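In: One predicted model, sequence on top.
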There are 4 protein chains.
Amino acid sequence: MTDNSARKLRILTPGLGAVSTTLMAGVMLARKGLGKPVGSLTEYGDIDGVPLTDLVTSLDDIEFGAWDIFDESAYEVAARSGVLSPAHLAAVEDELRAIRPLPGVFDPVWVQALAHADHIKQGDNLMELADQLTADIEAFRAAGERLVMISCMSTEAYLEPTDVHADLASFERGLKNNDPAISPSQVYAYAAIRAGVPYANGAPSLSVDIPALVEMAELHGVPIAGKDFKTGQTLIKTILAPGLKSRRLGIRGWFSTNILGNRDGEVLDHPDNFRSKEVSKLGVLDSLLQPEDNPDLYGDITHEVRINYYPPRGDDKEGWDNIDIFGWLNYPMQIKVDFLCRDSILAAPIVLDLARLMDLANRNGRGGVQDFLGYYFKSPQPTYAGERVEHNLFTQEEILMDAIRKMAAG
Amino acid sequence: MTDNSARKLRILTPGLGAVSTTLMAGVMLARKGLGKPVGSLTEYGDIDGVPLTDLVTSLDDIEFGAWDIFDESAYEVAARSGVLSPAHLAAVEDELRAIRPLPGVFDPVWVQALAHADHIKQGDNLMELADQLTADIEAFRAAGERLVMISCMSTEAYLEPTDVHADLASFERGLKNNDPAISPSQVYAYAAIRAGVPYANGAPSLSVDIPALVEMAELHGVPIAGKDFKTGQTLIKTILAPGLKSRRLGIRGWFSTNILGNRDGEVLDHPDNFRSKEVSKLGVLDSLLQPEDNPDLYGDITHEVRINYYPPRGDDKEGWDNIDIFGWLNYPMQIKVDFLCRDSILAAPIVLDLARLMDLANRNGRGGVQDFLGYYFKSPQPTYAGERVEHNLFTQEEILMDAIRKMAAG
Amino acid sequence: MTDNSARKLRILTPGLGAVSTTLMAGVMLARKGLGKPVGSLTEYGDIDGVPLTDLVTSLDDIEFGAWDIFDESAYEVAARSGVLSPAHLAAVEDELRAIRPLPGVFDPVWVQALAHADHIKQGDNLMELADQLTADIEAFRAAGERLVMISCMSTEAYLEPTDVHADLASFERGLKNNDPAISPSQVYAYAAIRAGVPYANGAPSLSVDIPALVEMAELHGVPIAGKDFKTGQTLIKTILAPGLKSRRLGIRGWFSTNILGNRDGEVLDHPDNFRSKEVSKLGVLDSLLQPEDNPDLYGDITHEVRINYYPPRGDDKEGWDNIDIFGWLNYPMQIKVDFLCRDSILAAPIVLDLARLMDLANRNGRGGVQDFLGYYFKSPQPTYAGERVEHNLFTQEEILMDAIRKMAAG
Amino acid sequence: MTDNSARKLRILTPGLGAVSTTLMAGVMLARKGLGKPVGSLTEYGDIDGVPLTDLVTSLDDIEFGAWDIFDESAYEVAARSGVLSPAHLAAVEDELRAIRPLPGVFDPVWVQALAHADHIKQGDNLMELADQLTADIEAFRAAGERLVMISCMSTEAYLEPTDVHADLASFERGLKNNDPAISPSQVYAYAAIRAGVPYANGAPSLSVDIPALVEMAELHGVPIAGKDFKTGQTLIKTILAPGLKSRRLGIRGWFSTNILGNRDGEVLDHPDNFRSKEVSKLGVLDSLLQPEDNPDLYGDITHEVRINYYPPRGDDKEGWDNIDIFGWLNYPMQIKVDFLCRDSILAAPIVLDLARLMDLANRNGRGGVQDFLGYYFKSPQPTYAGERVEHNLFTQEEILMDAIRKMAAG
């Protein structure tokens, strides 16, 4: 097992893409004083005046490791992604070039847009692939660092849980039988938990959000969390909607459209993958507005979410929201929000925060679903089936801070 | 004094304009089942499951009274204002026609755009005018209702407090001497407090936010509150900014422009009056972001607010915000918000809530500045000079609910 | 045949919906001096100082007739559509109630969203239905008016022309054989042309844009035109794109999305019907920008069009465009256009203009495709297969005015 | 005099700022094949299939010269302005460093924001300064190139013409007497015309748009033109408004606001300078819409223009337009345009085009106001007082092309 007294923390990312390389470059630049880790609560936040940096691993002690299905160095990926400036890339080129991904677990049925991938683990069944991941993990661990795994993989095709996901025994049988309902990200999650490594899922794919893996995480006392980093449009939605509700302004419709041009956009252009994202994004409003308790105000809402692959933008995403609200005597008003954002710039500090806080939870012996991290996710993983999850960003922040306060206290 | 056990509550509004007539019509329509009081927390909110309607005066028990400087009935004003549909107006025409304003206190130096006003109290000095207001109030009171005064007057010219505002004795001398630094809204506030009637100020004018009247309110144990109803653009600002700050996203600039075409816009077209509004709107960000504690993120913000009189819109205001934010490694992003709102539709339920909650405070013996009502104001009146006031809508809501809970309990 | 010296002109509309009833009500209101026919070139335009109203039928001499697949009067349709104010509707209620549709030609395979229609002509084959339409037309004609038919039907499912559309003989065989590739709008077009009545098509459906009907129109010397009224977003596109091209600003992407909530939106929510609209909307940029001649500027454009059914809006359509342009040295810039429009308000004057100008062409003996009317259409019908059609609104206006000038000259 | 058969053309720019250095760098980059001169009609346009590049000076034959009131090289200015990427700047650094400005003519009363300037010609009166400019010009001419002067100076304070501007004799007396109504840009214009060098004015300042200098230009047969490069918001306005007018859609209001953060913004932040720009921008709509001929449609328009200095943007300007239009029966609709543009990127190709076309006119012996260049200006200089100038971009393009065609024909 990991030595929790180790000083260094290695962040392992299945998926070496725009998000993970932006994180890596940023940590390296911040260490050199060439960039600020803006957007990171663990860098800029405090608990009752005590900086969170006192509680989590220092940037100086963070290392990286990655798997990917294309054999490109972190530098090549970052340069191709077009997120960071040439000057930023040049300043950390050597460090980024030194990071090369291990071969990934992949099956094109889950991400058809990446069917041309060629840096893939081979094995007779999924359990063999899990074993190979375990070997990779143990090799990382041998260096004496604490480990945490944050999945930055592409969105997988939509999946309704089946019997194979119902309990750990079935799931392990499924791994051996190559059950087609087990996705690659679930193989990573399984390997991580088995090795005692906390696992968080940044994509809307089901991944660790299945009974089998929750059971396993509780059994092994390993923290897990997910799903789908809350970055652009949904972040704004979970800020604005609570404000409108606070003022008891009614809502008749919320139309959200996105244009994005990076690999994420390309993957989501396929209806199976879009479905995962759509389900993740649509759940938000119901939970926030509780229409059953507020029928006059929220009883009849049309909520639509569209994602459009639009190459001219690259990693620069644009989210356009139209919100049809009503006030006194039901007179209609409209709010339009246009968010010209950058996907990886918003996601990178979330990965950093999650890695540090999952590790903090692990050091505090908190196994199973870490619901205090819902603040970071579009679709927070419930601790039990059917649980109503909180989406209000401000309430989520309170829950997060309370949990950290408790862990800090001891 | 008022009999606090009276069943009925009469809302007195200096200013019979679009806001107050929209409130009146809405209460009348709601009583007939022809409209919903959307946007009112006292109608749709609850404390631990107990509806707030259990704590405040029923819509059935609300009456109105008004002063204005033009002699038009509430119906004429509402019809001219163009806020409500012909069908809504027709359904309550008779009731609205029955509401006629008493002559108002006015001096064109404070609102040059209304210099043609002709329904004005005459007297040798401001104290005589205050006495006339007292007589009006006592006449209303004679009917046996509880009273509350919510000022819906136009924004007065900008005023820095002078010696005459420093204490009650000076102020009363000023009233008798016609001190030019005493504005009409201050005469209303003085008369209200003297008569034991709670007074809240919906405009950005200084009004009751001076030491003399705070002293008087505490002396008489009368609730006061202000200033400037938080309706459109600033409402959105106090929702969005806390969300950005929660995520530690940096802000480089916030440019806010408004176009509006009603009498409010006409009044604010004069630089003296605009100055009052600008000061009210600009204070928000500093308090929300605390740049001194977050120099990396909020240490260098350009915050601009513009208000433009633009007649094509009538009462339909439009607020356009451009927000220049930055994330990880200071990469810039932009948020644009276009709020197509309706001024009076947003303000009417605030007047209703304030009237009910000021009255609740009064019945609970809470005199002086009611800081728990900051939720409703762009520029909450501090309880003492230099106090840092809260602008975060969500924190304000918690403070509000806590105060109501305490009053309900006891 | 029609007596072209008749004073009155009857506009026949297959489809008695929001567009046609808005036209009808507007003509009636304008005649009473209760509304202005804004948006109509034939009302407000002139040729060399001579008002176009001197050349076309006066509003006083316009009558209406309609077919529809639901049995509602024009008043019921207009009231349900929510386009016009109660006051406007009330002023012409009786006239609108008097207009009742004749049963329509319909097959749900073409518009699945309207499968519940119940006011439908019955017959053994499509030729029988055409004959029934002819009988309807002759009944209208008997009153001694000139006739013109402007289709205001819903968008039909996408159709690639087949052999049955290739020539008139095949088409007539197809009518008798119930060929499944013949759509209802084609039956109207056939009946109109056979009866010598000009026919224009306001939807993106293929309708009269097939060799068989072009041949027939030339044979009978009957004017035809189409297709798809150029109203909201595409109108703006054909204004802006020529301006950008004039200045030699490059374009990398044009993303257009629409939200609309009327029956049109409901129909277009089905992929087959959307396909018709999409093809119509997508053709515009290529023709305007001629990428083959301007590869540096327009050689690599991503052009996307989305239409979203969003009930909160009713007939109030919103079109949002994001345009990624570039200038000197290829530096990128962005233009966003948000058009809060009203579908039927923009379309009604187009129907009026087309009716008058198609009739003018008919009186001038111009048979076949009226390409001078391309100004009014998103996807102007070419006069021969493969013709490059003009989309630049300003060039289209010049062509239109030249043609009118020639007809005026006689 | 200049030898018009000289092969090379030197563009002289009073004002070495963001616009002129962006032009210079772009020409240099294009010559190296490292950038495309996008936005230049003289590069990408043709007359009847003949490329305009056949008629104007090749990029290879263009040289530069400049005056400025700060002593920075073109490289330093470009680097500070932040318009071009580091990579672009590096590729032409040496060439840009070699361009240093001659001392400029300046008086802080005309541009208070630049009162700290220190690279300024000294002399007893304005005529002496003009003589110094003449000497500069003759020194440039000695190298055997053709010359053209395009003013890229900051906007000067608003100026109504006085008697000193009424004729050439008065103006020359004024130069000798240091008449305070003569602005620096007028000294440049005078010197240019006297030396036979075409002069065009890119700012909204009056400059060459006075009877004295028009008289002088006609006398000397020297082309002059102005004023105020048509780049961002006004460019869009002169594209959109003709389109709305073509369709006879009515307009009730047009509200235009700008945010910009470069030196231009800083200068325009002073009311005297803003006034020059405002007058230039406001004239557009009246000329385009001719309200007197279209009272139903354009008889009652509120047109407002705001310019706001907002440092976070630097050279990236944002223009936001709200247009209140109406259609059939006067139902209101709205268009919003948000133009995220780059000031210098839009202006640079205009300077290139103007330089080439002014020179073409000069070679064709066309003296006086070149009204065919109105296409490039927000406020085209009339050829005689009171002339109605054309603002429709499409009509302007036709006039431009006709004039070039005639000059090409010889």
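Out: Okay, I see it.
In: Assign whatever residue of the stretch 151-300 of chain A ends up closest to chain D to helix, strand or coil.
Out: Scanning the stretch 151-300 of chain A for proximity to chain D using Cβ to the nearest Cβ identifies residue A:259 as nearest, at 14.5 Å. (Glycine included, C-beta is placed from N, CA and C.) Following DSSP: H, G, I helix; E, B strand; the rest coil, we place residue A:259 in the strand state.
In: Now do the same contact list for it.
Out: A:265, A:308, A:310, A:313, A:317, A:318, C:255, C:322 (Cβ atoms under 8 Å, 6 or more residues apart in numbering or on different chains).
In: need the contact list for residue A:395.
Out: residue A:242.
In: Which pLDDT does the model give it?
Out: At residue A:395, the predicted lDDT confidence score is 91.
In: Would you quantify the distance from it to residue A:208?
Out: Distance from residue A:395 to residue A:208, counting by Cβ to Cβ, to the nearest Å: 23 Å.
In: which element is the residue of the stretch 151-300 of chain A found nearest chain C on?
Out: Nearest residue of the stretch 151-300 of chain A to chain C, counting by Cβ to the nearest Cβ: residue A:253, 3.5 Å away. Using DSSP states H and E, residue A:253 sits in strand A:250-260.
In: residues near the residue lying closest to the residue of the stretch 151-300 of chain A closest to chain D once chain neighbours are set aside, how many?
Out: Spatial nearest neighbour of residue A:259, excluding adjacent residues (Cβ to Cβ, 6 or more residues apart in numbering or on different chains): residue A:310 at 4.0 Å. For residue A:310, the neighbour count with other Cβ atoms under 10 Å in any protein chain shown is 23.
In: Is residue A:310 in contact with residue C:252, as I believe?
Out: No - counting by Cβ atoms under 8 Å, residue C:252 is not a contact partner of residue A:310; they are 10.0 Å apart.
In: any shared contact partners between those two?
Out: With Cβ under 8 Å, 6+ apart as the test, residue A:310 and residue C:252 both reach residue C:302.
In: where does the stretch 1-150 of chain A dip in pLDDT?
Out: Residue ranges of the stretch 1-150 of chain A with pLDDT under 70: A:1-4.
In: of all the residues in it, which ones are close to chain D?
Out: A:86, A:87 (Cβ under 8 Å from any Cβ of the partner chain).
In: Show me the helices in the stretch 1-150 of chain A, by range?
Out: A:18-31, A:41-44, A:74-81, A:86-91, A:93-97, A:126-141 (DSSP state H, counting those that start in this stretch).
In: Now the fifth one - C-alpha only, CSV.
Out: Provided in CSV are the C-alpha atoms of helix A:93-97 (Å, rounded to 0.1, in the frame of the first residue of the first chain):
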residue,chain,number,x,y,z
GLU,A,93,9.0,22.2,-23.0
ASP,A,94,11.6,19.9,-21.6
GLU,A,95,9.5,18.9,-18.5
LEU,A,96,6.5,18.3,-20.7
ARG,A,97,8.5,16.2,-23.3
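In: how about it: buried residues?
Out: A:93, A:95, A:96 (16 or more other Cβ atoms under 10 Å in any protein chain shown).
In: Name the helix or strand for residue A:239, please.
Out: Using DSSP H and E, residue A:239 falls in helix A:233-246.
In: hmm, that helix touching chain C?
Out: No - Helix A:233-246 does not reach chain C (Cβ under 8 Å from any Cβ); its nearest approach is 13.9 Å.
In: the inter-axis angle of that helix versus strand A:250-260?
Out: Helix A:233-246 runs at 170 degrees relative to strand A:250-260, counting by axes from the mean of the first three to the mean of the last three Cα atoms, to 10 degrees.
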